[in-house]
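Participant: make a model of this:
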Amino acid sequence: MAIRELPPQLVNQIAAGEVVERPASVIKELFENSLDAGARQIELEVEGGGLRLLRVRDDGVGIPRDELTLALARHATSKISELDDLTRIGSLGFRGEALPSIASVSRLELTSRPTNEHTAWSVAAANGSIDPPKPSPHPRGTSVAVRDLFFNTPARRRFMKTERTEFSHVQKAVARLALSRFSTAVRLTHNRRLVFDLPAAVDREAQARRLARLLGTEFVDSALYVEREDSGLSLSGWLAHPTYSRAQPDLQHFVLNGRTLRDKLVAHAIRSAYADVLFHGRHPAFVLFLDMDPELVDVNAHPAKQEVRFRDSRAVHDFIRRSIDAALEHTRAGGPATPSRAATLREPARVGSYPPDAQRGFQLHREALAEQRAAYDGLRQPQSAQVAAGDAEQGTAAPPLGFALAHLHGAFILAENSDGLVIVDAHAAHERVTYERMKQALGEQGLQRQPLLVPLDIAVSESEAEQIEADKDSLGAFGLVIDRTGPAQITLREMPVLLAGADAASLVRDLISDLSESLGAKRLSDRVDEVLASMACHAAVRANRSLSLAEMNSLLRDMEATERSDQCNHGRPTWTVLDMQELDRLFARGR
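Facilitator: As a prediction, the model looks like this:
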């Protein structure tokens, strides 16, 4: 083929492939243009999930008549004028590709009235042709209406999902942008139905109300506010307490100089700060704002500007990590670290040097100790007698995990087997046993349900309530009967029998997070094991719950009969053993 110059319409459609992935991408570009225009109020009207209509109206500075047609030209912008401007970009958009790219794959109408003009003018574009400007009634500001997205690119149109799925992406995009600019009022409607109307939030209390409206009241109630400045960097925002961790990274919002982004370096810094206080496989929730000199960051490193490049990435990483670590330093779980065995052997401590709290948990009265020993001997006697009798023909052996002796600090089961001392993480072990039972029950006759004595009301966001309502049948298959009883409230009425005693509210919130990521019952049905693992985690025995000897021995026997019981659902080990030789070495016996 001969080398030839591509037609402008094709060039714009190729550019659209980079920035216009779906209706949510269009909303993001138009919303950011409105923010760059100084808008204090932005109204978004969506129909058909955004494929039929996307209209963004703002009260910004507007566009003069003689610049309307130029605004739809490729690489035409008012935000930069020379190469040096690229080193200190303060606006959200600057390439001048968004409007012509969107116009190349839709029927676009641009209407604007500048602040100092009394008449508004409108231009329409479709299939590469732009009509001359004409007068149009419009208040001060600009409106962009995008109709029939991808009407002239049917291949792209076929990749679009259902109306509900596409609008879900639009709603998430608008929520992220609304969280990035509290000073701007935002109103969103879908199919002429109001989704949310957020007034401008100028103080901390108003900002908390916007957070509660978009992320739920539970996030606000568990959030820690952080504010720190150092060496030209300023970090502020809200960090959710580690106990509010999520099953998915769906409540993570980071804003750099007013720009929402998902950057790998930032994500690693935050994950590192949460590493010591967050359960493995869980994700923190946060809304953070980082302000810095624009000359120290390159926002032109990604076509959709979702990632950036810092001039001193190490300094930014350390600043974010230290700031979050300082805010979370009092939320560390477990308290002081336990000394290692090597340290104990090298520098043995005197008994009196331990703080009083460190010696609690194993203080048993003599009567209670004698009662437990009698119960243990009673449980062990039949097996011991059998072994002592030498039932060789039956091949009888002592249980691999032995018999329980005590429950240490409400977390670990101490047991004696033929090798030595067995230590079992009760929660991790019970989690695996419950998970395997739920998988077996679901595959055979289904999970049996039981009604709650008192239905449990749970406050959620409106979008989460809509998600639960839409996936009610899918949740019923997992033994959960949940109804939507308000715009932002759901009610749990029944739950599986195997989950009796579980933290129902926390379980439901985790499932909501999974639902929002799967975006539909079909995807959720493909993740049965993952959902059951999450449910089993909430059903497992919790720390500081006192277990009787009978309960501990029952769990040990269940572990021995359960597949993959060496690890819990999250990959952590469930038990270990210290044999007599290792115990002798620890106490220097025989030396």
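Participant: burial count for A240?
Facilitator: Using other Cβ atoms under 10 Å, A240 has 24 other residues around it. The C-beta positions use only the backbone N, C-alpha and C, and glycine is treated the same way.
Participant: that one and R193, how far apart?
Facilitator: 30 Å (Cβ to Cβ, to the nearest Å).
Participant: can you list the low-confidence ranges for the stretch 201-350 of the chain?
Facilitator: For the stretch 201-350 of the chain, applying pLDDT under 70 flags the ranges 243, 276-277, 279-280, 301-305, 329-350.
Participant: and the helices in it?
Facilitator: Here the stretch 201-350 of the chain has its helices, by DSSP state H, counting those that start in this stretch, at 204-215, 217-221, 264-274, 313-328, 341-346.
Participant: show me what the fourth one is packed against.
Facilitator: Put plainly, it is helix 313-328. The contact analysis (3 or more Cβ pairs under 8 Å, 6 or more residues apart in numbering; DSSP states H and E) places helix 313-328 against strand 223-230, strand 233-240, helix 264-274, strand 286-291.
Participant: tabulate those (CSV), appending distance to T69.
Facilitator: Formatted as CSV, the helices and strands packed on helix 313-328 follow (distance: least, Cβ to Cβ, whole Å):
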stretch, distance to T69
strand 223-230, 45
strand 233-240, 41
helix 264-274, 39
strand 286-291, 36
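Participant: out of these, which is closest to A76?
Facilitator: With Cβ to Cβ as the criterion, A76 lies closest to strand 286-291 of the helices and strands packed on helix 313-328, at 29.4 Å.
Participant: CA atoms only for the closest one, dumped as CSV, please.
Facilitator: Below are the C-alpha coordinates for strand 286-291, written out as CSV (Å, rounded to 0.1, in the frame of the first residue of the first chain):
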residue,chain,number,x,y,z
PHE,A,286,-9.5,6.3,51.6
VAL,A,287,-10.1,9.7,50.0
LEU,A,288,-6.8,11.5,49.9
PHE,A,289,-5.6,14.8,48.3
LEU,A,290,-2.0,15.5,47.4
ASP,A,291,-1.0,19.0,46.4
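Participant: just give me how far it sits from the chain centre.
Facilitator: Relative to the centre of its chain, strand 286-291 is centred 16 Å away, using Cα atoms, centre = their mean, to the nearest Å.
Participant: strand partners (parallel or antiparallel) of that strand?
Facilitator: strand 233-240 (antiparallel), strand 252-256 (parallel) (DSSP bridges).
Participant: including distance to R4, could these go into CSV?
Facilitator: Shown next, in CSV, are the strands paired with strand 286-291 (distance: least, Cβ to Cβ, whole Å):
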stretch, distance to R4
strand 233-240, 49
strand 252-256, 41
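Participant: quick one: mean pLDDT for stretch 507-525?
Facilitator: Average pLDDT, stretch 507-525: 64.
Participant: kindly report the same for stretch 76-86.
Facilitator: Per-residue pLDDT over stretch 76-86 has a mean of 72.
Participant: re earlier: mean neighbour count and distance to V460 for the helices of the stretch 201-350 of the chain - can I get that in CSV?
Facilitator: Output for the helices of the stretch 201-350 of the chain, formatted as CSV (neighbours: other Cβ atoms under 10 Å; distance: least, Cβ to Cβ, whole Å):
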stretch, mean neighbour count, distance to V460
helix 204-215, 18, 10
helix 217-221, 17, 8
helix 264-274, 18, 23
helix 313-328, 18, 25
helix 341-346, 11, 47
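Participant: out of those helices, flag the one nearest H427.
Facilitator: helix 264-274 (20.3 Å).
Participant: how far does that closest one sit from its chain's centre?
Facilitator: Centre-to-centre, helix 264-274 and its host chain are 14 Å apart (Cα atoms, centre = their mean).
Participant: if you count contacts, what does that helix end up packed against?
Facilitator: Short answer (3+ Cβ pairs under 8 Å, 6+ apart): helix 264-274 packs on strand 252-256, strand 286-291, helix 313-328.
Participant: can you list the ones you listed in CSV and add distance to M535?
Facilitator: Putting those into CSV (distance: least, Cβ to Cβ, whole Å) gives the following:
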stretch, distance to M535
strand 252-256, 24
strand 286-291, 26
helix 313-328, 28
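Participant: Q448: which of the helices and strands packed on helix 313-328 is closest?
Facilitator: Proximity to Q448 (Cβ to Cβ) singles out strand 233-240 among these, at 34.3 Å.
Participant: what does the closest one rub up against?
Facilitator: For strand 233-240, contacts defined as Cβ atoms under 8 Å, 6 or more residues apart in numbering pick out 211, 219-220, 222-229, 251, 255, 284-292, 315-316, 319-320, 323-324, 327-328.
Participant: so which bits of that strand are buried?
Facilitator: Buried positions in strand 233-240, judged by neighbour count with 16 or more other Cβ atoms under 10 Å: 233, 235-240.
Participant: and A212, what does it touch?
Facilitator: Contacts of A212 (Cβ under 8 Å, 6+ apart): 219-220.
Participant: how much space separates it from A223?
Facilitator: For A212, the distance to A223 (Cβ to Cβ) stands at 10 Å.
Participant: what does I102 give?
Facilitator: 36 Å.
Participant: of these two, who's got more company?
Facilitator: Neighbour count, other Cβ under 10 Å: between I102 and A223, I102 has more, with 25 against 21.
Participant: helix or strand for the more buried one, which one?
Facilitator: If you go by DSSP states H and E, I102 is part of helix 98-104.
Participant: how close does the closest residue in space to P573 that isn't next to it in sequence sit to L265?
Facilitator: Once flanking residues are discounted, P573 sits nearest to Q567: 6.1 Å by Cβ to Cβ, 6 or more residues apart in numbering. Between Q567 and L265 the computed distance is 32 Å (Cβ to Cβ).
Participant: kindly report the same for L10.
Facilitator: Remark: distance between L10 and L265 (Cβ to Cβ) = 36 Å.
Participant: same check on E582?
Facilitator: With Cβ to Cβ as the criterion, E582 and L265 are 43 Å apart.
Participant: next one: L224
Facilitator: 22 Å.
Participant: and stretch 30-44, end to end?
Facilitator: Stretch 30-44 has an end-to-end distance of 10 Å (Cα to Cα, to the nearest Å).
Participant: got it, and stretch 142-151?
Facilitator: In stretch 142-151, first residue to last residue: 24 Å (Cα to Cα).
Participant: now find how far off-centre it is within its chain.
Facilitator: 31 Å.
Participant: what comes up buried for it?
Facilitator: 142-150.
Participant: and stretch 418-436, by the same measure?
Facilitator: Per 16+ other Cβ under 10 Å, stretch 418-436 contains these buried residues: 421-422, 424-436.
Participant: mind checking which of those land in strands?
Facilitator: Those of those mapping onto strands are 421-422, 424-425, per DSSP state E.
Participant: from the residues you listed, pick the one nearest L401.
Facilitator: Nearest to L401 among these, counting by Cβ to Cβ, is V422 at 5.4 Å.
Participant: verify the stated contact: the closest one with L408.
Facilitator: No. Counting by Cβ atoms under 8 Å, V422 does not reach L408; the two are 11.9 Å apart.
Participant: show me what the helix or strand harbouring L532 packs onto, helices and strands only.
Facilitator: Here L532 is covered by helix 528-539, with elements defined by DSSP H and E. Packing partners of helix 528-539 (3+ Cβ pairs under 8 Å, 6+ apart): helix 426-444, helix 504-518.
Participant: out of those, nearest to R22?
Facilitator: Using Cβ to Cβ, the nearest of these to R22 is helix 504-518, at 16.6 Å.
Participant: what's the neighbour count on the nearest residue to D503 once chain neighbours are set aside?
Facilitator: Counting by Cβ to Cβ, 6+ apart, D503 lies nearest to H538, which is 5.3 Å off, once chain neighbours are set aside. By the criterion of other Cβ under 10 Å, H538 has 20 neighbours.
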